[in-house]
Structure formats: structure tokens, C-alpha cells
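predicted model and sequence follow; I will ask about them next.
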Amino acid sequence: MTDRKLKKADFDEIYTRPDPRSYYDRLGELDYSVPGHGQRVFRKVLDALDVDEPTVVDLCCSYGVNAALLKCDLTLDHLYDHYCDERLARLASDELAEEDRDFYQSRRLKDAPRVIGVDTSAPAVEYAMTVGLLDGGAVENLEHDDPSPELAAVVDEADLITVTGGIGYITDRTIDRLLDCTSADRRPWFAALCLRTVDFTPVADSLARHGLVTEQLEGATFPQRRFADESERDFALRALAEQGVDPAGKEEAGEYHVNVFLSRPGEDVAAAPIDSVLDGVIPSADSG
Ligand SMILES: C[S@@+](CC[C@H](N)C(=O)[O-])C[C@H]1O[C@@H](n2cnc3c(N)ncnc32)[C@H](O)[C@@H]1O
């Protein structure tokens, strides 16, 4: 096998269907679990933020999985079960959207945050808005363009920016453009679950240029999903070797793993370090 063939598996087509069934189906087969870990992390972060009606901007939001897990009394397993239901498999996308609107509304938490999603996939953002998971959505590519005035205004109001499964698709270019919309006296917090194969340093540097101090949750990583095939495993091990990261017991055992990063103004970090904010999220992670 040549180096050229080593790459992360390409699931692009499951992010642009009219509804999320292929997304849950394909990723479920690979035990995709990072949004479930994100749910525990982001809920703790929102507790620590202690804002009455927080606004969350979820980057690479896709069909709104993080919004569902923040706004509803649901787990990722509930979502997999829901979208595996044979009755739902027979519905047209618009019929499914109607069912999903009721489903998510019936599980909605009283203190659900306001969630705005950003993604390049118009069908995914549209679906998440139609079923009530997103309170606003931006189909924009900040790798290439500045945010629209509408997105800039929302980001300026954000309390928390979140991302799972997205760093790599988006880089420090997106983060620079987003944080340029915020003001020095009111920076949002930024919480990311980032693959260990992707160097987070450029993103942390961008956050630092905007006054946010990044801490990494030490002593734990979380599995993202199983590798799709041997080629992807080889790609991941190569990427880790290049960064000097030890894959033993983690990627070597067949799964991508993520690190957890939390970026905040220095005074917030001094008042409560990441360990205290995320107290309790580690036990179900693979420690080490
Ligand atoms: C691996 S999925 C992650 C989805 C979701 N956050 C999750 O945890 O399952 C990556 C998402 O990033 C989106 N994406 C790719 N490039 C992007 C970009 N430049 N800006 C915003 N979204 C992008 C894709 O459309 C896709 O929905």
C-alpha cells in the first residue's frame, strides 16, 4: 500500500442526505460515540458557565446530534434506537421530519439551551431546524469566507462554542473568523472533542490570540469510533507517530480517540481549572 492511499475514511455522502438515517446507520455500525461523550462534557461546561438561558454555537453541527443531546432528555443510544426503528425506515424524509418534531419536542428539557448550528451541509442544517433541534442555522464555510452578518451577530451573543467530530474539517481559519465576531469583554467559552490524530495547536493558538486560555483534560481520552478498515488504522497510527503520540491501548486497539479541550478567559481558568469543571466525566472514559 502506498502512503497516498492512507487516509481517514470518507463519509461525506452521509452528511448531505435529506434526513439523518444514513448518518446514524453508518456511524452506528462503527460504534460512533463521540457525541455521547460531548454530551457529558458540554453539560458540565454549561453548569459551570451558570448562564440562565445560554446560547451555544455548535460547529459542524450536521443533523443536530449535539443539540439533541443538550436540549432533550435523550442519550446517543436512544437516538440510534430511534433511527433504527423499522417503522421509521419506511417513511419519506418529510414524514420522518414530522415524527421527529414530535419526538424531540416530547423529550425537550425545561432548561434547554438555545443552539445555533453551523455546517456546510444545507440538508443537514435544514433538517435540524425543521425538527426544532436548532434555533438557528448557518450553512457557511468559514474555511473560505467570512461569516455572514447574521452568523456574526449570533456568535457575538454566544456563551459557548462546541464541536465534536469537526476539528480537521475546520481549522484555525474558521476559529479566527468566528472569534473575530466576538468582543474582548465578552468572549464565549470554547469546548472541543478533537481526534488525537489532529494537532489542536493551531486552533489553541487562534483561541489564545483572542484571549482564551486552552486547557486539556489530562488523564483521559474518549473513543470516537472504530476504524472503518485497515487503511484507516494505518493512517491514524502514522499520524500519531508523526506527533509522537503513543497509540498503545487506544488507536492500536482499533479505535480513534479524542482529547477534550476547554478554552476560556484567563480569569475563569484561574477561578475553576478544567478538572473541577469536568469533575465526573472521566470515569466512563478510558483513563491513561
Ligand atoms: C464528522 S461530522 C461531525 C458531525 C457531528 N458534529 C458529530 O459529532 O457527529 C463532520 C461535519 O462537518 C461538516 N463540515 C465539513 N466541512 C465543514 C466546514 N468547512 N465548515 C463547517 N462544517 C463542515 C460536515 O458537513 C459534517 O456534517
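Nice, I can see it.

give me the element Asp176 is part of.
helix 172-179 (DSSP states H and E).

ranges for the helices of this structure?
For the chain, the helices defined by DSSP state H cover 21-29, 34-49, 65-71, 76-84, 86-89, 93-106, 122-130, 149-156, 172-179, 201-209, 230-243, 266-271, 274-277.

pipe those into a markdown table and attach mean neighbour count per row.
Using the backbone N, CA and C atoms, a C-beta is placed for each residue, glycine as well. Shown next, in a markdown table, are the helices of the chain (neighbours: other Cβ atoms under 10 Å):
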| stretch | mean neighbour count |
| --- | --- |
| helix 21-29 | 18 |
| helix 34-49 | 20 |
| helix 65-71 | 26 |
| helix 76-84 | 17 |
| helix 86-89 | 10 |
| helix 93-106 | 15 |
| helix 122-130 | 21 |
| helix 149-156 | 16 |
| helix 172-179 | 21 |
| helix 201-209 | 18 |
| helix 230-243 | 16 |
| helix 266-271 | 12 |
| helix 274-277 | 17 |
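
quick one: which of those helices is nearest Glu252?
Closest approach to Glu252 among the helices of the chain (Cβ to Cβ): helix 230-243, 7.1 Å.

now the closest one and helix 201-209, what's the angle there?
Angle, helix 230-243 to helix 201-209, by axes from the mean of the first three to the mean of the last three Cα atoms, to 10 degrees: 50 degrees.

for the helices of the chain, which one sits closest to Glu218?
Here helix 274-277 is closest among the helices of the chain (Cβ to Cβ), at 7.6 Å.

run through the stretch 151-288 of the chain and note the low-pLDDT ranges.
Along the stretch 151-288 of the chain, the model assigns pLDDT under 70 to residues 283-288.

contact residues of it facing the ligand?
Neighbours of the ligand within the stretch 151-288 of the chain, by Cβ under 6 Å from any ligand atom: Thr164, Gly165, Gly166, Tyr169, Ile170.

right, and out of those residues, which lies closest to Gly137?
The shortest approach to Gly137 among those belongs to Gly166, at 14.9 Å (Cβ to Cβ).

distance between the helix holding Asp176 and the chain's centre?
16 Å (Cα atoms, centre = their mean, to the nearest Å).

mean confidence for stretch 26-35?
Mean per-residue pLDDT for stretch 26-35: 96.

centroid residue for the chain?
Thr164 (1.9 Å; Cα atoms, centre = their mean).

any idea how far the nearest residue to that residue once chain neighbours are set aside is from Phe190?
Counting by Cβ to Cβ, 6 or more residues apart in numbering, Thr164 lies nearest to Gly38, which is 4.1 Å off, once chain neighbours are set aside. To Phe190, Gly38 is 13 Å away according to Cβ to Cβ, to the nearest Å.

which residues do those two both contact?
With contacts taken as Cβ atoms under 8 Å, 6 or more residues apart in numbering, Gly38 and Phe190 have Thr162 as neighbours in common.

circling back: give the contact list for the residue nearest to the centre of the chain.
Thr164 neighbours (Cβ under 8 Å, 6+ apart): Val34, Pro35, His37, Gly38, Cys60, Val65, Asn66, Ala192, Leu193, Val258.

so the fourth one touches Leu69, yeah?
Yes: under the contact definition of Cβ atoms under 8 Å, Gly38 touches Leu69, with a separation of 7.1 Å.

picking that back up, got JSON lines for the contacts of Thr164, with distance to Leu142 too?
Shown next, in JSON lines, are the contacts of Thr164 (distance: Cβ to Cβ, whole Å):
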{"residue": "Val34", "distance to Leu142": "21"}
{"residue": "Pro35", "distance to Leu142": "21"}
{"residue": "His37", "distance to Leu142": "25"}
{"residue": "Gly38", "distance to Leu142": "20"}
{"residue": "Cys60", "distance to Leu142": "11"}
{"residue": "Val65", "distance to Leu142": "20"}
{"residue": "Asn66", "distance to Leu142": "18"}
{"residue": "Ala192", "distance to Leu142": "15"}
{"residue": "Leu193", "distance to Leu142": "19"}
{"residue": "Val258", "distance to Leu142": "21"}
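
now, among the residues you listed, which is nearest to the ligand?
Cys60 (3.3 Å; Cβ to the nearest ligand atom).

can you tell me which residues contact the closest one?
Val118, Asp119, Val163, Thr164, Gly165, Gly166, Tyr169, Ile170.

same check on Ile116?
By Cβ under 8 Å, 6+ apart, the contact list for Ile116 reads Thr55, Val56, Val57, Asp58, Leu134, Asp135, Gly136, Gly137, Ala138, Val154, Ala158.
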